[in-house]
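*Asks:* What would the 3D arrangement of this be:
(chains A, B, C and D)
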2 protein chains.
Amino acid sequence: MFRGQFVHLISKTGRVSIPSKFRENLKRAYKTSKVIITLFENCLSCYPLPEWEKLEKRILKLPRFKKNTVDFERHLIGNANECEIDTEGRINIPQILRKDLGLNKNLIFVGLLTRFEIWSEKSWNVNSKNSFKNFQRSRDVLDGI
Amino acid sequence: MFRGQFVHLISKTGRVSIPSKFRENLKRAYKTSKVIITLFENCLSCYPLPEWEKLEKRILKLPRFKKNTVDFERHLIGNANECEIDTEGRINIPQILRKDLGLNKNLIFVGLLTRFEIWSEKSWNVNSKNSFKNFQRSRDVLDGI
DNA sequence: TCCATTTATGCCAAAATATGACAAAACCTG
DNA sequence: CAGGTTTTGTCATATTTTGGCATAAATGGA
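*Replies:* Numbering: from 1, shown residues only, chains lettered A, B, ... in the order given. Below is the predicted model of the structure:
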């Protein structure tokens, strides 16, 4: 499971190292060094390749000419990139995603069990305030499960 | 699978290079360097030849004199062009299609699993706003599948 | 049918970008 | 604080994308 929060520096060329705990989990639980990163709200959502492929299988069952499906794919698949983790544990984040999100200095990695997120420090700070408020409102979400 | 988004420049003569990740997928998954490109909404829809042939087989099963079928064929088949990818990974986009869509500078390539799309930068920007809204509305499209 | 003009193709090389390898710096952990 | 691990920086190399030019093919008009 991916857990916790880490700050890493992204290079001018768009390289950033994945937290070692995340890498370890990728290897142990998913036996892969490939992740799919895609745009989600104001951050990058990162899936271990096997998790992602499950998602794709479901998408392939949809009526693929329908407007809704096409738009859904354009967004979710159209922003998805397969990244191979290199020998020093880094990935390259494609320019287009970097630009969209303003990723240039400190990136925040946030573990979310079966996936993790990458934020620019700035939008993380803005957003975490909101999600804290939201957390306060939704703290009982688990009760009854 | 085709995934992600890439910006490539089209030359005055209508040549543009296919993103290398797409080419790789064409070779690996489809063992072909031929794609069929056709008009779809405001963009070009591009199919690996084997995928296209599957589509044609399905079309042949339709009631071929029905108005809907004829219209569908006129549009989808009537605009279809077979393109061979050259040694530097480029294709030539026929003039008619270029003119119809105003393809002249930056083209956006968008992966959609079994096919990909080519947009002019301008119409992509317009359209992706809409499709994002649609994505927001249809993000539950997968629930229950 | 032939020629002139346009359009497409093949090939080479420059520019931009991504990748690999190595080593220095920062950091945990005991 | 010592020793190992993790993260970051740098440089060299490989790959990808683009531009240019020469040739080939197609098109259209007389």
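*Asks:* residues in chain A within reach of DNA strand D, list them.
*Replies:* A:6, A:8-9, A:11, A:16-20, A:23-24, A:88-90 (C-beta under 7 Å from any atom of the strand). To be clear about C-beta, it is placed using only N, CA and C from the backbone, and glycine gets the same treatment.
*Asks:* If we use 6 Å, what do you get?
*Replies:* A:8-9, A:11, A:17, A:19-20, A:88-90 (C-beta under 6 Å from any atom of the strand).
*Asks:* filter these to the buried ones?
*Replies:* For the residues of chain A next to DNA strand D, burial is judged from neighbour counts taken by 16 or more other C-beta atoms under 10 Å in any protein chain shown, and it is met by A:17, A:19, A:90.
*Asks:* Tell me the pLDDT of A:L9.
*Replies:* For A:L9, the model assigns a pLDDT of 95.
*Asks:* So which residue is smack in the middle of chain A?
*Replies:* By C-alpha atoms, centre = their mean, chain A has its centre lying nearest to A:S45, at 1.8 Å.
*Asks:* which residues sit in contact with that residue?
*Replies:* Counting by C-beta atoms under 8 Å, 6 or more residues apart in numbering or on different chains, A:S45 touches A:37-39, A:115, A:117.
*Asks:* re earlier: of the buried ones among the residues of chain A next to DNA strand D, closest to chain B?
*Replies:* Closest approach to chain B among those (C-beta to the nearest C-beta): A:R90, at 18.5 Å.
*Asks:* what packs against the one helix or strand A:D100 maps to?
*Replies:* Assigning secondary structure by DSSP states H and E places A:D100 in helix A:95-101. With contacts defined as 3 or more C-beta pairs under 8 Å, 6 or more residues apart in numbering or on different chains; DSSP states H and E, the packing partners of helix A:95-101 are strand A:34-40, strand A:43-48, strand B:5-9.
*Asks:* any idea of the angle the last one forms with strand A:34-40?
*Replies:* Spelled out, that is strand B:5-9. 80 degrees (axes from the mean of the first three to the mean of the last three C-alpha atoms, to 10 degrees).
*Asks:* Outside of strand B:5-9 itself, which residues are in contact with it?
*Replies:* A:78-79, A:96, B:16-17, B:19, B:21-22, B:105-111, B:121.
*Asks:* 10 Å instead?
*Replies:* Strand B:5-9 is contacted from outside by A:39, A:74, A:77-81, A:94-97, A:100, B:15-22, B:90, B:104-111, B:116-119, B:121, B:124, B:128, using C-beta atoms under 10 Å, 6 or more residues apart in numbering or on different chains.
*Asks:* Alpha carbons only: can I get the helix of greatest length in chain A in CSV?
*Replies:* Assignment by DSSP state H gives helix A:121-138 as the longest helix of chain A. The C-alpha trace of helix A:121-138 is given here as CSV (Å, rounded to 0.1, in the frame of the first residue of the first chain):
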residue,chain,number,x,y,z
GLU,A,121,4.1,22.3,-3.8
LYS,A,122,2.0,25.4,-4.4
SER,A,123,-1.3,23.6,-5.4
TRP,A,124,-0.7,21.1,-2.7
ASN,A,125,-0.7,23.8,-0.1
VAL,A,126,-3.9,25.4,-1.5
ASN,A,127,-5.6,22.1,-1.9
SER,A,128,-4.7,20.4,1.4
LYS,A,129,-6.4,23.2,3.3
ASN,A,130,-9.6,22.5,1.4
SER,A,131,-9.3,18.8,1.8
PHE,A,132,-8.7,19.2,5.5
LYS,A,133,-11.9,21.1,5.8
ASN,A,134,-13.5,18.4,3.8
PHE,A,135,-12.0,15.8,6.0
GLN,A,136,-13.6,17.4,9.0
ARG,A,137,-17.0,17.1,7.3
SER,A,138,-16.5,13.6,6.1
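*Asks:* which other helices and strands contact it?
*Replies:* When contacts are defined as 3 or more C-beta pairs under 10 Å, 6 or more residues apart in numbering or on different chains; DSSP states H and E, helix A:121-138 sits against strand A:5-9, strand A:43-48, strand A:106-112, strand A:115-120.
*Asks:* Give the buried residues for the third one.
*Replies:* By that I understand strand A:106-112. Buried residues in strand A:106-112, defined by neighbour count with 16+ other C-beta under 10 Å: A:107-111.
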